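A.B. asks: Below: sequence and its predicted model.
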Amino acid sequence: MRGNAKPPWLIEMVAVWGYVQRNFFLTKRYFMWEIVWLTFTTVNAMSITFIGAGAAAQKGGGAIDVSYYMTFLLIGALIWSYLSMIFDILSETVQWERWEGTIEYTFMSPTSRVTHLLGMGVYAIVYGILRTAIVFGVAILAFDLDLSNANYGAALVVLAVCSISLVGFGVVAAVMPLLSPEKGQQVTYIVSALLLLVSGVYYPVDVLPEWMQPLATVSPVTYGLEGSRAALQQGTGVVDLWGSIWPLLIMGVVFVPLGIFIFHLGESYAKRTGKLKRSG
Amino acid sequence: MKALELRGVEKSFKKRRGEVVRALDSVTLSVGKGEVVGILGPNGSGKSTLVRVISTLVLPDSGEVEVFGLDAMRHPKQVQRSMNRVSVEASFFKKLSAMENLLYGAKLYGVTSAEARPRIKEILDNIGFASKRATEPMEHLSRGMQQKIALARALLTSPILMLLDEPTTGLDPRSKKDVQAFIRRIRDAHDSSILLCTHDMGEAEELCDRVGIMMDGKILALDESEELKRRFATDGRVPTMEETFMAATGYSLEEASAEEE
């Protein structure tokens, strides 16, 4: 309202809540789609986990520790579902607004782009945790998993740090639809697919061809998975997970500001070329 | 100090085949405090680009845009805080209700739900919008109702400059009259300056203190509507606004629209 006497930081916080609440309203309104995606994710995670049992049933598969391998696959499926969700929500920041026709209204509002992306990031993390927890709950009931040594606290620490670097990664990807309204979003799907390929989601990174392995070292998902698996399958504590945590911290420190900077450049480009518009 | 001042604003866009379209050509205009200025022009004349430049969604190639003395390129956040916009298409989340969209819009300007709710009720009551319909998804509302909600959303942040980009285009006659009445009320009751882009001659003449004629990205004339018409009088007869438009541009509005497309 005119003469809004709130301090600037409070105005930005109100806007962060505005983005979170808006996304919650949208999730509520697209509830049937949520059910569809939740079912898809759950069935997908279960199918992948059954590959462990299938592998053991193959010729020469007797040496496989089935329970351990199934747990390995399930953790991969769950963590990937969570991290890719964060990446997808962030990377669709622009495209979603363009599809709804609200992009101009949102981008001419006075709150900063950091606030916008922070609101999207907070929602992505909370939404991702809730959805993954439901899938995990179903999986616990469906499978005889080897989680006897699990250190859940340490796994959560790794995932929390990984989430932040993934937000930065997602923000970098979100700029694509600003550069190319027609094809930008498709590029983010390619980035997402590459992350899945190189990050050791369903197999150890060292089974990849040598030329591909360096790519895994720049993917936050690699470290998030390594750390989570060590915590959940071997019960490794936070201190011993430092090898997974420090690269994630560095990536978070680099990717988040870099993502915001690149987004800012992309927004300026879109404003110069007239690409910040409804139709894509 | 003017509410809005543009000096020599230019904007060109490159199209795919290397063709350059000059959307704004040395546009100079001002809107005084509390004044309503109308820009009359056919489709493709540059009206929407003009509004996008002022609302900081498009960066001009050259020229200056000042809103209450603040350079819009240097101080976009302060400028954005002082203005709001209603465009030809009501930009809403279609599945969300009017209330949810309004609360979201308010928060983008730092207005909390607790502050916004009584104001929303007051505005909706004023425009005769039944409160119970405020919980229906926007896609269930008619275009006229959506446009009223768009005006309510703009008013909610108490802008001192309002940019109305063809707010009545495509509305049925009844909705058009309702929206025009709402704009009239904003003009009379609120201390807002308004830039109204339209291709409705009657609307421009009736709602605006001054009217400009725009074609090919240029403002060809800008004056009080009676003065504007007198400027193109022939044989002592004051022409209608439509005849004035034809005299200024060489086209009727329909011909000009076809030409621009």
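C.D. replies: Sure thing, it's come through.
A.B. asks: mind checking the end-to-end distance for stretch A:205-220?
C.D. replies: Stretch A:205-220 has an end-to-end distance of 13 Å (C-alpha to C-alpha, to the nearest Å).
A.B. asks: For that stretch, which outside residues touch it?
C.D. replies: With contact meaning C-beta atoms under 8 Å, 6 or more residues apart in numbering or on different chains, stretch A:205-220 is reached by A:83, A:162, A:165-166, A:169, A:194-195, A:197-200, A:222, A:247-248, A:251-252, A:255. C-beta: built from backbone N, CA, C; applies to glycine.
A.B. asks: what comes up buried for it?
C.D. replies: Residues of stretch A:205-220 classed as buried: A:205, A:208, A:215-216, A:219-220 (neighbour count, 16 or more other C-beta atoms under 10 Å in any protein chain shown).
A.B. asks: Pull the distance from that stretch to the chain's centre.
C.D. replies: Distance of stretch A:205-220 from the chain centroid (C-alpha atoms, centre = their mean, to the nearest Å) equals 19 Å.
A.B. asks: pLDDT averaged over that stretch - what is it?
C.D. replies: The pLDDT scores in stretch A:205-220 average 95.
A.B. asks: can you check stretch B:196-215 too?
C.D. replies: The model assigns stretch B:196-215 a mean pLDDT of 92.
A.B. asks: if you look at that stretch, does any of it touch chain A?
C.D. replies: No. Stretch B:196-215 lies out of reach of chain A by C-beta under 8 Å from any C-beta of the partner chain, never closer than 14.4 Å.
A.B. asks: Stretch B:28-40 now?
C.D. replies: No. Stretch B:28-40 is not in contact with chain A by C-beta under 8 Å from any C-beta; minimum separation 13.9 Å.
A.B. asks: Only whichever of the contacts of stretch A:205-220 are buried, select them in ChimeraX.
C.D. replies: Selection of the buried residues among the contacts of stretch A:205-220 in ChimeraX, burial being defined by 16+ other C-beta under 10 Å:
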select /A:83,162,165,166,169,195,198,199,200,222,247,248,251,252,255
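A.B. asks: mind listing which of the contacts of stretch A:205-220 are in helices?
C.D. replies: The subset of the contacts of stretch A:205-220 located in helices under the criterion DSSP state H comprises A:83, A:162, A:165-166, A:169, A:194-195, A:197-198, A:222, A:247-248, A:251-252, A:255.
A.B. asks: For burial, what's the neighbour tally of the residue of the stretch 101-250 of chain B found nearest chain A?
C.D. replies: The minimum distance from the stretch 101-250 of chain B to chain A, using C-beta to the nearest C-beta, falls at residue B:107 (2.7 Å). Residue B:107: 27 surrounding residues under other C-beta atoms under 10 Å in any protein chain shown.
A.B. asks: What's the separation between the residue in the stretch 151-280 of chain A positioned nearest to chain B and residue B:215?
C.D. replies: Relative to chain B, the nearest point of the stretch 151-280 of chain A is residue A:271 (4.6 Å; C-beta to the nearest C-beta). Separation of residue A:271 from residue B:215 (C-beta to C-beta, to the nearest Å): 25 Å.
A.B. asks: Greatest separation within the ones in helices among the contacts of stretch A:205-220: which pair is it?
C.D. replies: Using C-beta to C-beta, those reach their maximum pairwise distance at A:197 and A:252, which is 22.5 Å.
A.B. asks: mind listing what the closest residue to chain B within chain A touches?
C.D. replies: Here chain A gets closest to chain B at one residue, residue A:18, 2.7 Å apart by C-beta to the nearest C-beta. Counting by C-beta under 8 Å, 6+ apart, residue A:18 makes contact with A:111, A:119, B:103-104, B:106-108.
A.B. asks: Next, format those as CSV and append secondary structure, distance to residue B:36 and pLDDT.
C.D. replies: Shown next, in CSV, are these (DSSP: H, G, I helix; E, B strand; the rest coil; distance: C-beta to C-beta, whole Å; pLDDT from 0 to 100):
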residue, secondary structure, distance to residue B:36, pLDDT
A:111, coil, 28, 91
A:119, helix, 35, 95
B:103, helix, 29, 96
B:104, helix, 28, 96
B:106, helix, 24, 95
B:107, helix, 29, 96
B:108, helix, 25, 95
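A.B. asks: Select only the buried ones of those residues in ChimeraX?
C.D. replies: ChimeraX command restricting the contacts of residue A:18 to the buried ones, with burial defined by 16+ other C-beta under 10 Å:
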select /A:111,119 /B:103,104,106,107,108
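A.B. asks: With distance to residue B:163 as new columns, can the contacts of residue A:18 be given to me in CSV?
C.D. replies: Formatted as CSV, those follow (distance: C-beta to C-beta, whole Å):
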residue, distance to residue B:163
A:111, 18
A:119, 25
B:103, 22
B:104, 20
B:106, 18
B:107, 21
B:108, 16
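A.B. asks: Using PDB, write out every CA atom in the longest helix anywhere in chain B.
C.D. replies: Criterion DSSP H: the longest helix present in chain B is helix B:173-189. Extracted C-alpha coordinates of helix B:173-189, given in PDB (Å, rounded to 0.1, in the frame of the first residue of the first chain):
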ATOM      1  CA  PRO B 173     -20.200  -3.800 -24.400                       C
ATOM      2  CA  ARG B 174     -21.500  -4.200 -20.800                       C
ATOM      3  CA  SER B 175     -18.100  -5.300 -19.400                       C
ATOM      4  CA  LYS B 176     -16.500  -2.500 -21.300                       C
ATOM      5  CA  LYS B 177     -18.800   0.100 -19.700                       C
ATOM      6  CA  ASP B 178     -18.200  -1.400 -16.300                       C
ATOM      7  CA  VAL B 179     -14.400  -1.300 -16.700                       C
ATOM      8  CA  GLN B 180     -14.500   2.200 -18.100                       C
ATOM      9  CA  ALA B 181     -16.600   3.300 -15.100                       C
ATOM     10  CA  PHE B 182     -14.000   1.700 -12.800                       C
ATOM     11  CA  ILE B 183     -11.200   3.600 -14.500                       C
ATOM     12  CA  ARG B 184     -13.300   6.800 -14.100                       C
ATOM     13  CA  ARG B 185     -13.600   6.100 -10.400                       C
ATOM     14  CA  ILE B 186      -9.900   5.500 -10.100                       C
ATOM     15  CA  ARG B 187      -9.300   8.800 -11.900                       C
ATOM     16  CA  ASP B 188     -11.700  10.700  -9.600                       C
ATOM     17  CA  ALA B 189     -11.100   9.000  -6.300                       C
END
